[in-house]
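A.B. asks: Structure of the sequence below:
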Amino acid sequence: MSPPPPSSTSRCSCCKVSFGFPFSIERNSRRFFIIQNVSKPKLLCLPSVHYLNNPQRLADIPIFACTQEPHSIPGSFLVHDLETVHQLVKGMNTESESNETNMSTKFRFLDDTSRVVWNDKILQALKQIRERTLTQLAYDEACMMISPEQGKFLSFLVRAIGARRCLELGTFTGYSSVCIAAGMIEKADSVLYCLECNENYARMAEQGWTSANLEHKIHLVLGDAGTSLQRLLVDKRGWFDFIFIDADKERYREYYETALDLLRVGGVVCIDDTWWSGRVVNEEEYRDAETLGIRQVLELMQRDARVFACSIPIFDGMAVAYKLETKPTHHDANPFVLSQLLNHKLVDVEGNIAVGKTHLVQGFLSMWKEEEKENGRMPRVFEENPNSTFLAAFYKQPQVFGFSFQMYMLQLAQQVATSAKDYLLRGASSDDIVVALIDRSLWGNRVFAQCNFHLGNLQEEEYQIYRSVYEQVEFQPDYLIYLDASPWICLERAKMRGRPAEAALQLSYLEALDDCHFQQLISTVCQGKVNVVVVNAHTFCTPQQVTEKIVRNSKSPLEIRYEDQDHQGGNWFLCALDQDCYVQMAKGATDEEWLQLLRRWLPKNQPTMDRICLPWISHQHQVPNYVYQAYKRLVCFALSSHIAIEFHGKAT
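C.D. replies: Down below sits the predicted model:
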């Protein structure tokens, strides 16, 4: 996608031809236009027209006018990028008729080189896609299409690495997907996954795939790219050979991180629009979400030890990264550092249903595999394995099976806690790495019991019986890793993993669980007996990200304070935003999106966000549900980012 240029048209004083999209370059203090005439391109000298200061890319070149009369862009002119134009006019005498023949020869040469990989059917399909895009869509949409040179480059990359499993984020009208699919190896299992959120664009893309005879290679996935990526992570981690990212720029870092998880070692990820009209390097003037998103991913790629990356100066800029087979080099993400920090410790991983606990635990085990070769011992995972039939019966009839199922799960949780403590006790005198990881413990079991009591699935007498049994077992982990995501995200992930026992899972139940998790999390942090690590799990978190937070928490614990008096401006969160913003916040956000939102509220004399003041809300019925959901997400993000929290008003 490219920011659209200003809208105007031109009428040449030399030939009186009206044209829609000329291209201006400066050579030897003279300015030239290439325009589309009826029969052939023509090069004209227009020394008096305005010239753009930033000519690196086509989409930023305005439509210059001899008459200065503003008109709309017809969108019928197809032109190569600046480098191609330089080659066309190099050494030309603009008054010479022979130059037109020279120009035609060079255009023909460019067409001939295209046929190395692209056959006539593909070339024709690409031409149709460009014409259809430029004539059927408004220009601010049409400019999202990549250039022909970028298309050739994508085909080259795909063919060069022998890719047969490719992924594209942001298909638009299909030009880039045809280029990628055309470059793929011809094998029966070759496939290109195309992620697109706009159904109209997707239908236009399908026309191009059919014209190019590539529809058998392409699998369309309609919907939000972030959600689609999380689905692919379930069974396609490390599966793709090539990934092309050209979607919403503000989420580039999120897409890049997930793409690396999906990419095999030796695979390539390519990111489009990394110049962004020069806005990326102008930090003072451009701080919009899209520019910040591109800037953040480029800064990450520059220091990312997982890849070998470089920038490609083509059209509006592209960045290419080759995934390396290497261990993380950052000391905070080193598995040896983590093992020493957690050695002989009990680590409890908590959070709502389907938030990603098992995903994280398995990631830790994978990260520790290298150490297993050296010390001969792996950290051990302890988890509940409830009877799936009993679980399904509870979800269908919670009031009927509430008490019996809760006591059954309490028994399993007690067994898990006992086994984990015995494991640590047996390894106390060992020099090996001994770490007990628990995927939901007694801490989480109590949350479920409180939730079922509030929902009426447990009667008062039943809940008191539960508590008397619960308190007989002492349990206190050394570390509690709490994964936070909105109930909407958790429900989507539950559907995605497709466990039959969770088929009857309802959003209302996940919201109630989220409420109880939140209340107990705040209580645990305030008590200060357990080292709590809160992680924003809006997207699946990696072990490296959690490791850095564990190391940071070991140096600086989380901070929550209560103030009895109301704070001036303390209620800003409840009244400063419109409903749509609250609803969006309630569904969760990435760390970058939260930071962008909070920066809007920063006083001008406060350069950093190290503390936020909020009213204490003890029960969701004090405010509308969507506000309370947004409130919980904000608090958990603050804890995840080590932002101190001051709750004002009486804490109950």
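A.B. asks: Could you pick out the longest strand of this protein?
C.D. replies: Ranked by residue count, the top strand of the chain under DSSP state E comes out as strand 263-272.
A.B. asks: ok now that strand, how far from the chain's centre?
C.D. replies: The chain centroid and the centroid of strand 263-272 are separated by 15 Å, computed with Cα atoms, centre = their mean, to the nearest Å.
A.B. asks: could you point out which element follows that strand?
C.D. replies: Reading on from strand 263-272 to the C-terminus, the next helix or strand found by DSSP states H and E is helix 289-303.
A.B. asks: And the contacts of the following helix or strand past that following helix?
C.D. replies: Past helix 289-303, further along toward the C-terminus, the next helix or strand under DSSP H and E is strand 307-312. Strand 307-312 is contacted by residues 153, 260, 269, 274, 298, 301-302, 317-324 when judged by Cβ atoms under 8 Å, 6 or more residues apart in numbering. For every residue, glycine as well, the C-beta is placed using N, CA and C.
A.B. asks: about what we covered before: and the longest strand of the chain, what does it pack onto?
C.D. replies: Contacts of strand 263-272 with other secondary structure elements, assessed using 3 or more Cβ pairs under 8 Å, 6 or more residues apart in numbering; DSSP states H and E, are made with helix 148-160, strand 240-245, helix 252-262, strand 318-323.
A.B. asks: For Gln584, find the nearest of those.
C.D. replies: With Cβ to Cβ as the measure, helix 252-262 is the member of those nearest Gln584 (15.3 Å).
A.B. asks: and the angle from the closest one to strand 263-272?
C.D. replies: Relative orientation of helix 252-262 with respect to strand 263-272: 150 degrees, computed using axes from the mean of the first three to the mean of the last three Cα atoms, to 10 degrees.
A.B. asks: so how far is helix 252-262 from its chain's centroid?
C.D. replies: The gap between the average C-alpha position of helix 252-262 and the chain average comes to 6 Å, counting by Cα atoms, centre = their mean.
A.B. asks: Please work out which residues outside that helix touch it.
C.D. replies: Around helix 252-262, the neighbours that count as contacts under Cβ under 8 Å, 6+ apart are 167, 169, 225-226, 229-230, 232-233, 236-240, 243, 245, 247, 269, 271, 293-294, 296-297, 300-301, 306-307, 323, 539-540, 542, 590, 592.
A.B. asks: any idea how far the residue minimising distance to the centre of the chain is from Glu593?
C.D. replies: Centroid check for the chain by Cα atoms, centre = their mean gives Glu254 as the closest residue, at 2.6 Å. To Glu593, Glu254 is 9 Å away according to Cβ to Cβ, to the nearest Å.
A.B. asks: wait, which of the helices and strands packed on strand 263-272 is closest to Asn445?
C.D. replies: helix 252-262 (30.7 Å).
A.B. asks: quick one, the closest one and strand 318-323 angle?
C.D. replies: Relative orientation of helix 252-262 with respect to strand 318-323: 30 degrees, computed using the same axes, to 10 degrees.
A.B. asks: quick thing: my sequence starts at 35, can you match it?
C.D. replies: Yes, from this point I'll number from 35; that puts the last item at helix 286-296.
A.B. asks: Now do helix 286-296, average pLDDT.
C.D. replies: Helix 286-296 comes out with an average pLDDT of 90.
A.B. asks: Can I get it as PDB, trimmed to CA atoms?
C.D. replies: Extracted in PDB, the C-alpha atoms of helix 286-296 (Å, rounded to 0.1, in the frame of the first residue of the first chain):
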ATOM      1  CA  TYR A 286       3.800  -4.900  11.000                       C
ATOM      2  CA  ARG A 287       5.800  -5.900  14.100                       C
ATOM      3  CA  GLU A 288       3.100  -8.300  15.200                       C
ATOM      4  CA  TYR A 289       3.000  -9.800  11.700                       C
ATOM      5  CA  TYR A 290       6.800 -10.000  11.500                       C
ATOM      6  CA  GLU A 291       7.100 -11.900  14.900                       C
ATOM      7  CA  THR A 292       4.400 -14.400  13.900                       C
ATOM      8  CA  ALA A 293       5.800 -14.800  10.400                       C
ATOM      9  CA  LEU A 294       9.200 -15.800  11.900                       C
ATOM     10  CA  ASP A 295       7.400 -18.500  13.900                       C
ATOM     11  CA  LEU A 296       5.700 -19.800  10.800                       C
END
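A.B. asks: between that helix and strand 274-279, how many degrees?
C.D. replies: Following the same axes, to 10 degrees, one obtains 170 degrees for the angle between helix 286-296 and strand 274-279.
A.B. asks: Next, the angle strand 341-346 makes with helix 286-296.
C.D. replies: In this structure, helix 286-296 runs at an angle of 130 degrees to strand 341-346, with the same axes, to 10 degrees as the basis.
A.B. asks: residues in contact with Gln433?
C.D. replies: For Gln433, the contact set (Cβ under 8 Å, 6+ apart) comprises 490-491.
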